[in-house]
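> below are the sequence and a predicted model for it; my questions follow.
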Amino acid sequence: MSFTKEEFKASPKDYRILPILHGLASGSTEKMQDEFKKMVTDTGAGGCVTNTAWNKEWVTSEKQLADLDTAVHMVKEQGYKAWMYDEYWYPSTWANGLVAKDHPEYILKVISPLSLKGNGAQNVTLALPIEGFEGGFEFIYAAFYNIINGEIDYLFPNAVSFEKDKVSTVSPEGDWLLLAFYIRRHNIGIIEGEDPNSLPGGYRQCMDMLNKDAVDKFLDSALGTVADFITDFDKCFDAIFTDEPSFISMYMIDKNKTQSFNGVPYTPALFETFKQMHHYDLLPHLAYLFYDESDKAKIVRVQFYRTLSKLVVESYAKNYQAWCHAHNTKFSGHMLLEEGLKFHVGLYADLMEVYCNMDIPGFDFLIAKWELFWQKGYASDHYCYLPGKLASSAARINGHNHTMEEVCPVAYREMLDNHPFVCSMALSTHTAFTGATYTNAYCYGTIKDLAQANLWNEYVGRLQYITRNSMPDFRIAVFYPIADTQADFFSEDLEMRKLSPLADDANTSFVDFIYGLYRAQADCNVVTEKALLDAKIEKGCFIVGGFEYKSIVMPQTEVLPLAVLKRLEQLKNAGVAVYFLGSLPRLGVSENEHDDVIEAVKALNIAPIKGDMSQLFSELKDLAALSLNISGLNSENILASRYIHEGKTMYFLINSCEEDITFNIYDTAAKNAVLYNPEDGTDIAIKMPCTISINANRGIFLRYE
């Protein structure tokens, strides 16, 4: 789409907010028209996200399917965008019970341990904890582990025989631990502190995302029924919105906030796939998924979660995307708990690989208190700026700049209720800066003043009119340290925010660096192992998705695939700057890689950077040829991100604080520029150096001419 100043000022409708209207497709046509006018036309929105009515009939009622048909055609005939939500209530993969109907084997299952400690030979018994639960229980492995000087020896399990529902045997001499591993359905519910039977639709037995047959059943039930009913479905919906499907295995908390067991995801193909990938049997090593900090344990965990990653990408992500493409629509929506790497492991094994198989990867934003957005780790390990960075990086790995955000500011809700316009404008600024180019919104009707609602839509429309049609020009890559997080991940704590503290080091190094780079008025993309290994190398840079990178930063990491280290050596030899933060890798992702990893690290001959990062940020900006200079009182609160727009250099500048800022700006690489203000649609020609102003929590675009 060709950019014009006139269209920028007009804020094209296709780039505005889509309110999420779950109840639109119900009632009479007149009611639908009234609702659409009230929530979309009158507020200046760009369309909506909708679905069949949320009740027990959901997609099984022809009347409700016909209502959706009527609603979506009403939306499209008026020239608006329509996305379809894929689930009855929340989270996705339940399909209102249709996935599990007649197929209990499609329900998510987990592996959990029962344990018993003792001393000396005696008769011991462990039985399945089946009281109060239905089915899905079966022992799969049991063994004694010697306890020597208080330390449990997990390396040499003494396997014992067992029945399907009982382990009954004689223990060895000395101190021992008996572990019996069993398969069961996932635990009580999917939301902390909720009575599962009180949820709309009742208790949810979520789908096994690792099982292609289960995913096929979901796609057929939740989407296929609609596609079969609406004859021109392939012309109706611009995208499908999925909402936080996940392994769920970390949500093990009932209404009394008690955790009955720890669990890791299980699927029928798990053990065979693991053996095919890693050439040994997982069963004797199950203890390492729950206990132990040894190198052996770390590698078993890495290999386990890499097995899950292969299964979830092939069975779920690629499968879902293929269905969308076959129906002329796009796969979008967002995943769960994007805010920390350990959640990426526990809920997806490797979140970025799931993202990379979505057409429009997305994230949500749950915090209404906009002042917290740029406060690093404001609530234990929650980083507001990270989800957008990850989702947009996945889009850019695939060569585009299409990233969705779900606005759902329910935390600190009083801020939204008391200051709806201020809150919405501020959060839209910050999420756009971190990568959002599509906006789908809950809490949309909080802005009661129609003039303000229209101003918000115009602002977002102008932001996204430019960013969606621009390409980042950061030239700085940050590596996604998922292997390290996989190595250190296991469930230890009831509280989600305290889960697996071992896995926090890589995450802390990762998010601290990204935060520091933002504050240094630079930006980056995150690159995955696969993206790095597939990258082209030429003329002192490497290219991923068409984007050139002059440097790559490796967060503190202990575990790294040997292939990645070899690739880093190639990059360094080609003139790409390679940096390690905090420490150097010492382990590969299999035991036979460890010695070679040590040698590869020596060959790189790179000292890790510790402590103050200011010199590193300066070097990275020089390598990226970031010559923009910003100075003046409070100017450190101006964040800058460089893009290419219509073939010209452009900076997206935002004011990240609560005060208006006037600052000095110049660039040795340019003299003439135009300031595009998305708040009012104006464009002003300037000559640098000059002094400009940005209002609190607002953004502008500076395009060189």
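Arrived safely.

> from here on, contacts and neighbour counts on C-alpha atoms
Noted.

> show me the protein divided up by domain.
What automatic domain parsing lists as the domains of the chain is 14-95+209-252+318-470, 109-185, 476-621, 627-704.

> show me where the stretch 501-650 of the chain has its strands.
Counting by DSSP state E, counting those that start in this stretch, the segments of the stretch 501-650 of the chain that form strands are 525-527, 536-538, 541-544, 547-549, 551-554, 577-580, 628-631, 638-645, 648-655.

> in TSV, list those along with mean neighbour count, mean pLDDT and distance to Leu620.
Output for the strands of the stretch 501-650 of the chain, formatted as TSV (neighbours: other C-alpha atoms under 10 Å; pLDDT from 0 to 100; distance: least, C-alpha to C-alpha, whole Å):
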stretch	mean neighbour count	mean pLDDT	distance to Leu620
strand 525-527	25	98	13
strand 536-538	15	96	19
strand 541-544	21	98	13
strand 547-549	23	97	11
strand 551-554	24	98	7
strand 577-580	19	98	9
strand 628-631	15	96	13
strand 638-645	22	98	14
strand 648-655	21	98	17
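
> quick one, which of those is nearest to Lys31?
strand 648-655 (40.8 Å; C-alpha to C-alpha).

> quick one: the closest one to strand 638-645, angle?
Angular relation of strand 648-655 and strand 638-645 on a 0 to 180 degree scale: 150 degrees, by axes from the mean of the first three to the mean of the last three C-alpha atoms, to 10 degrees.

> output the contacting helices and strands for strand 648-655.
On a contact count with 3 or more C-alpha pairs under 8 Å, 6 or more residues apart in numbering; DSSP states H and E, strand 648-655 meets helix 420-433, strand 638-645, strand 699-704.

> centroid residue for this structure?
Glu338 (3.8 Å; C-alpha atoms, centre = their mean).

> I'd say it and Cys384 touch.
No: using C-alpha atoms under 8 Å, Glu338 is not in contact with Cys384, being 9.4 Å away.

> mind listing the helices for the stretch 1-150 of the chain?
5-10, 29-36, 62-77 (DSSP state H, counting those that start in this stretch).

> buried set for the second one?
Spelled out, that is helix 29-36. 32-33, 35-36 (16 or more other C-alpha atoms under 10 Å).

> cool, the shortest one as well?
Neighbour-count burial for helix 5-10, with 16+ other C-alpha under 10 Å as criterion, is recorded at 8-9.

> looking at that helix now, give me its mean pLDDT.
Averaging pLDDT along helix 5-10 gives 98.

> now that helix, how far from the chain's geometric center?
33 Å (C-alpha atoms, centre = their mean, to the nearest Å).

> for the longest one, same thing?
Computed by C-alpha atoms, centre = their mean, the chain-centroid distance of helix 62-77 equals 31 Å.

> please apply the same query to the second one.
A distance of 35 Å separates the C-alpha centroid of helix 29-36 from that of its chain, computed with C-alpha atoms, centre = their mean.

> tell me what it is packed against?
So helix 29-36, by 3+ C-alpha pairs under 8 Å, 6+ apart, packs with helix 62-77.

> for the helix it packs on, buried residues please.
Buried residues in helix 62-77, counted by 16+ other C-alpha under 10 Å: 64-75.

> try stretch 618-625
Residues of stretch 618-625 classed as buried: 620-621, 623-624 (neighbour count, 16+ other C-alpha under 10 Å).

> returning to what we had before: how about the helices of the stretch 1-150 of the chain in CSV, adding distance to Leu628?
Listed next are those as CSV, based on distance: least, C-alpha to C-alpha, whole Å:
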stretch, distance to Leu628
helix 5-10, 24
helix 29-36, 45
helix 62-77, 43
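
> wait, what's in contact with Asp281?
Asp281 makes contacts with 271, 274-275, as judged by C-alpha atoms under 8 Å, 6 or more residues apart in numbering.

> buried subset of those residues, written for ChimeraX?
Buried residues among those (16+ other C-alpha under 10 Å), as a ChimeraX selection:
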select :271,274
